[in-house]
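Engineer: For reference, the sequence and a predicted model appear below.
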Amino acid sequence: MAGHDEETGARARLREAEEAATSQPAAAAMRLSTFLKTVEKKRRLSRKDRLRIVEQALLLLNMNYVHLPLKRAMHAVDPIQRLKLLRFRLLEMKESQLPSEMQFHQRMIEIFASTRDLHTMYLLPAPFKDQVAYLPFLIEQYFEKNKGERTEKFMVSRVVTEFYQSIPNAGPEVLFFKPGVEVLYWNGVPVKRAIEINGDTQAGSNIEARFARGLDNLTIRPLETSLPPDEAWVDLTYRSRTGSTLTVRQEWLVHATGSEGAAPLASRSSKKKRAAIDVKKTKINQMRQTLFAPREVRVRTSMEHAFHAEIRTVDAREFGYIRLFSFDVAEPDELVKEFVRVLQSDGFPQEGLIIDVRSNGGGEIRAGERLLQLFTPRRIKPELFEFINSPLNLEICRQAPKHWELSRWADSIGEAVVTGATYSSGFPFDSEESCNDIGQIYHGPVVLITDALSYSTTDIFAAGFQDNEVGEILGTSDNTGAGGANVWWYRDLINAFGNHSKSPFKALPRGADMLVAVRRSIRVGRHAGRPLEELGIVPDRRHHMTKRDVLERNDDLITRAARILSKKPVYALSVKPFKKKDGSRGIVVKAGSKVNPSDREKHISRLDVYVNGRPYKSIDAKDGSIRPTNITLPKNRNRKSELRLEARDKASKRVALYRRRL
């Protein structure tokens with residue numbers, strides 16, 4: 001709405017609605033046009049400020065950025081030269097000749113975005129921090145089949161109902177604008193092309209990721225990570241459920257997340273040195289939660305932002321379903337502990353589990369890697385991480401506080417002077433023992449659902465799921481987001497040197513900030529040595545989202561995953577301790593297996609019992625199962641024993657595991 005004195009029809013009605021919406025304190029919103037006017041009144045970045053930002057970005061990308069050789073090769077980009085040119089032009093200019101601050105920010109964003117790396121970003125200073133431009137609806141992709149051919153379409157999936165209900169004398173373009181309408185054009189451009197254009201400005205590592213981010217970022221745009229939209233409003237042309245073609249005009253709004261009553265974006269845990277997180281996606285997800293209906297969860301309050309668990313019934317069989325929204329938690333071990341509680345809770349299905357990590361922007365790497373052991377009898381091998389070899393990274397590894405645990409990499413980086421290696425040796429963040437100290441909790445088959453917005457720690461989790469052969473991956477895209485790195489905030493680099501007088505890192509002006517991928521993730525198992533960045537995780541199977549998936553509860557997607565699980569063997573292994581009056585102790589064990597008639601070799605054949613790592617007893621199964629059996633354990637003077645039970649099939653392959661300290 002362009003500020004005319006007299007407006008009529010739909011345009012006037014929508015303007016009245018926006019005035020009503022933005023007048024509510026709870027909305028914490030203003031028009032984009034109003035916000036931009038306030039920006040113009042703020043103090044400008046001086047030439048000195050801009051030079052400080054450019055010079056620190058040069059240092060960051062040239063000496064710390066782990067993916068620079070890869071990005072130069074794959075995308076034919078040279079962000080270092082672009083920064084040098086920008087610095088030269090700033091040095092040649094007088095203060096009065098400086099381009100607008102918005103133009104400077106645009107140039108910095110473009111240079112960082114050229115790397116196609118969402119772990120390496122330039123974050124805008126005040127007043128853009130904690131501001132999100134948005135439209136009060138969401139658009140999602142779906143597919144329809146017609147005569148055997150699949151057609152791609154787009155629909156409005158969510159609407160801020162209160163916003164449109166407040167419009168007085170609403171016309172048909174507003175009354176028919178509801179979830180389920182098909183989107184045709186965005187400002188006169190076919191909507192798919194508009195998404196592609198928007199995606200080209202995003203830093204997705206592959207085509208799938210760029211398109212997914214173009215769609216995800218279409219109606220919600222965190223201003224800390226991207227400049228405001230060029231247009232003041234959007235004309236959205238759609239086909240209503242009655243078949244009419246209508247156009248609704250919606251002005252961009254700005255949500256001030258730091259205002260009173262507004263939820264903060266991005267938790268403190270995302271700034272830890274062991275994190276791998278997509279900051280932009282995390283902020284978009286949190287904005288969605290602010291705008292749209294809250295989720296019902298069955299987990300403790302401290303973890304309700306991280307995952308949601310429920311029971312889904314498909315073909316008269318119950319399956320566990322866990323939607324894992326985020327790994328961005330304050331205490332990774334608490335997430336693992338809560339997962340264990342949910343998996344062992346009464347009534348939770350034990351014959352098939354679906355873990356859905358779509359749109360999960362990542363978080364704590366430890367949280368993702370420690371979860372894997374809960375779902376497999378295999379011994380988990382954690383992914384490895386490498387620094388790029390540079391004098392500055394060597395100094396960081398030597399100067400950083402001991403609890404950062406960087407000394408393992410220091411010797412390897414130092415050897416590069418002799419060997420000429422580009423990367424350091426690879427080491428896991430957490431020891432192999434840490435990734436296996438609990439053992440398998442869930443003995444049924446597991447399917448993982450991914451998409452092109454699964455990024456960062458979620459990429460690492462999916463890689464571990466595939467590399468350790470935990471189960472099948474069902475993708476709603478042909479690849480994940482392909483973000484394989486440990487990300488550090490600029491403040492982490494400053495803190496690495498502490499009060500050291502020779503630190504090259506200087507504070508950035510007016511709250512500007514930067515992120516950088518410092519350590520790259522290298523895969524293990526059958527993909528050993530393959531970098532995760534750019535290549536991502538290719539799913540074992542592909543599902544194309546349907547209209548029913550988008551509007552309802554992912555019904556067709558869940559059905560597809562459940563039918564994959566139905567063809568897998570199901571194992572059960574339970575252990576209950578007991579203690580006799582004479583002080584002796586033992587366990588009651590029970591095991592079972594359900595397999596398809598063609599997979600009889602996968603039946604449980606025997607159960608091996610180990611105490612403190614030594615073989616203690618072996619029990620043969622009958623028809624794939626072991627009835628409740630008492631086993632008296634040996635006396636232990638230290639009163640601490642490690643008990644391990646391994647169920648094996650007829651080929652002696654371990655199919656179920658129980659591990660506990662007694």
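Structural biologist: Received, thanks.
Engineer: Output stretch 372-389 as PDB, nothing but the C-alphas.
Structural biologist: The C-alpha trace of stretch 372-389 is given here as PDB (Å, rounded to 0.1, in the frame of the first residue of the first chain):
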ATOM      1  CA  LEU A 372      22.700 -42.500  16.800                       C
ATOM      2  CA  GLN A 373      23.700 -45.300  19.200                       C
ATOM      3  CA  LEU A 374      20.100 -45.500  20.500                       C
ATOM      4  CA  PHE A 375      18.900 -47.100  17.200                       C
ATOM      5  CA  THR A 376      21.500 -49.600  16.200                       C
ATOM      6  CA  PRO A 377      23.400 -52.600  17.600                       C
ATOM      7  CA  ARG A 378      26.400 -51.500  15.500                       C
ATOM      8  CA  ARG A 379      29.300 -49.600  17.100                       C
ATOM      9  CA  ILE A 380      29.000 -45.900  16.000                       C
ATOM     10  CA  LYS A 381      32.000 -44.300  14.400                       C
ATOM     11  CA  PRO A 382      31.800 -40.500  14.700                       C
ATOM     12  CA  GLU A 383      32.500 -38.300  11.800                       C
ATOM     13  CA  LEU A 384      35.900 -36.600  11.600                       C
ATOM     14  CA  PHE A 385      36.700 -32.900  11.500                       C
ATOM     15  CA  GLU A 386      39.700 -31.100   9.900                       C
ATOM     16  CA  PHE A 387      41.100 -27.600  10.000                       C
ATOM     17  CA  ILE A 388      42.600 -25.900   6.900                       C
ATOM     18  CA  ASN A 389      46.300 -25.600   7.500                       C
END
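Engineer: Please state the offset of it from the chain centre?
Structural biologist: 17 Å (C-alpha atoms, centre = their mean, to the nearest Å).
Engineer: give me the low-pLDDT residue ranges for the stretch 151-300 of the chain?
Structural biologist: Applying pLDDT under 70 to the stretch 151-300 of the chain picks out residues 258-274, 293-300.
Engineer: which residues in it form strands?
Structural biologist: For the stretch 151-300 of the chain, the strands defined by DSSP state E, counting those that start in this stretch occupy 182-186, 189-190, 220-222, 233-239, 245-251, 253-256, 275-277.
Engineer: What pairs with the second one, parallel or antiparallel?
Structural biologist: Here the strand partners of strand 189-190, with direction, are listed using DSSP bridges: strand 182-186 (antiparallel).
Engineer: how far does the partner strand sit from the chain's center?
Structural biologist: 28 Å.
Engineer: Same check on stretch 83-98?
Structural biologist: 38 Å.
Engineer: check contacts around residue 424.
Structural biologist: Contact analysis of residue 424 by C-beta atoms under 8 Å, 6 or more residues apart in numbering lists 386-389, 393, 409, 412-413, 416. Heads up, the C-betas are built off the backbone N, CA and C, glycines and all.
Engineer: swap the cut-off to 10 Å and go again
Structural biologist: Listed by C-beta atoms under 10 Å, 6 or more residues apart in numbering, the contact set of residue 424 reads 66, 385-390, 393-394, 397, 408-416, 519-520.
Engineer: Now, those residues that are in strands?
Structural biologist: In strands, judged by DSSP state E, the following of these are found: 385-387, 519-520.
Engineer: got JSON lines for those, with pLDDT and distance to residue 172 too?
Structural biologist: As requested, the ones in strands among the contacts of residue 424 are exported to JSON lines (pLDDT from 0 to 100; distance: C-beta to C-beta, whole Å):
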{"residue": "385", "pLDDT": "96", "distance to residue 172": "56"}
{"residue": "386", "pLDDT": "96", "distance to residue 172": "59"}
{"residue": "387", "pLDDT": "96", "distance to residue 172": "60"}
{"residue": "519", "pLDDT": "96", "distance to residue 172": "55"}
{"residue": "520", "pLDDT": "95", "distance to residue 172": "54"}
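Engineer: Please identify the deepest-packed of the strands of the stretch 151-300 of the chain.
Structural biologist: A comparison of the strands of the stretch 151-300 of the chain by mean neighbour count, using mean count of other C-beta atoms under 10 Å, puts strand 275-277 on top with a mean of 29.
Engineer: partners of that one, with directions?
Structural biologist: Applying DSSP bridges, one finds strand 275-277 paired with strand 362-364 (antiparallel).
Engineer: For the strand it pairs with, the averaged confidence score.
Structural biologist: For strand 362-364, mean pLDDT is 93.
Engineer: same question, stretch 79-92
Structural biologist: 96.
Engineer: Would you convert the strands of the stretch 151-300 of the chain into JSON lines that also reports distance to residue 601?
Structural biologist: Output for the strands of the stretch 151-300 of the chain, formatted as JSON lines (distance: least, C-beta to C-beta, whole Å):
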{"stretch": "strand 182-186", "distance to residue 601": "50"}
{"stretch": "strand 189-190", "distance to residue 601": "54"}
{"stretch": "strand 220-222", "distance to residue 601": "51"}
{"stretch": "strand 233-239", "distance to residue 601": "54"}
{"stretch": "strand 245-251", "distance to residue 601": "59"}
{"stretch": "strand 253-256", "distance to residue 601": "58"}
{"stretch": "strand 275-277", "distance to residue 601": "39"}
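Engineer: Identify the bridge partners of residue 353.
Structural biologist: residue 320, residue 446.
Engineer: Quick check: it vs residue 445, distance?
Structural biologist: Applying C-beta to C-beta, to the nearest Å, the value for residue 353 to residue 445 is 7 Å.
Engineer: swap in residue 85?
Structural biologist: Taken as C-beta to C-beta, the span from residue 85 to residue 445 is 55 Å.
Engineer: more crowded one of those two?
Structural biologist: residue 445 (22 against 14; other C-beta atoms under 10 Å).
Engineer: Just the element for residue 461, please.
Structural biologist: Secondary structure from DSSP states H and E places residue 461 in helix 457-467.
Engineer: export whichever helix or strand comes after that helix as CSV, just CAs?
Structural biologist: Next along the chain after helix 457-467, taking DSSP H and E as the criterion, comes strand 472-475. What follows is strand 472-475, C-alpha atoms only, in CSV (Å, rounded to 0.1, in the frame of the first residue of the first chain):
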residue,chain,number,x,y,z
GLU,A,472,17.1,-46.4,5.3
ILE,A,473,16.8,-42.7,4.5
LEU,A,474,13.7,-41.4,2.8
GLY,A,475,14.1,-38.0,1.3
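Engineer: looking at it, residue 105 is touching residue 127, isn't it?
Structural biologist: No: in terms of C-beta atoms under 10 Å, residue 105 does not count as a neighbour of residue 127; the distance is 11.7 Å.
Engineer: between the ones in strands among the contacts of residue 424, which has the most around it?
Structural biologist: residue 519 (29 neighbours).
Engineer: all helices for the stretch 401-550 of the chain, in order.
Structural biologist: 407-419, 457-467, 490-497, 547-551 (DSSP state H, counting those that start in this stretch).
Engineer: mind checking which of these is nearest residue 331?
Structural biologist: Closest approach to residue 331 among those is made by helix 457-467 (14.8 Å; C-beta to C-beta).
Engineer: pLDDT averaged over that closest one - what is it?
Structural biologist: For helix 457-467, the per-residue pLDDT averages 96.
Engineer: Just name whatever secondary elements it is in contact with.
Structural biologist: Judged by 3 or more C-beta pairs under 10 Å, 6 or more residues apart in numbering; DSSP states H and E, the packing partners of helix 457-467 are strand 275-277, strand 353-356, strand 362-364, helix 365-371, strand 446-450, strand 472-475, strand 485-489, strand 513-522.
Engineer: go again using 8 Å as the cut-off
Structural biologist: strand 275-277, strand 362-364, helix 365-371, strand 446-450, strand 472-475, strand 513-522 (3 or more C-beta pairs under 8 Å, 6 or more residues apart in numbering; DSSP states H and E).
Engineer: Quick one: residues contacting residue 127.
Structural biologist: 38-39, 42 are the contacts of residue 127 under C-beta under 8 Å, 6+ apart.
Engineer: Name the nearest residue to residue 556, sequence neighbours excluded.
Structural biologist: residue 546 (4.6 Å; C-beta to C-beta, 6 or more residues apart in numbering).
Engineer: Next, the closest residue to residue 431 other than its chain neighbours: phi, psi?
Structural biologist: Once flanking residues are discounted, residue 431 sits nearest to residue 382: 7.9 Å by C-beta to C-beta, 6+ apart. Per-residue torsions, residue 382: phi -70, psi 150 (degrees, to the nearest 10).
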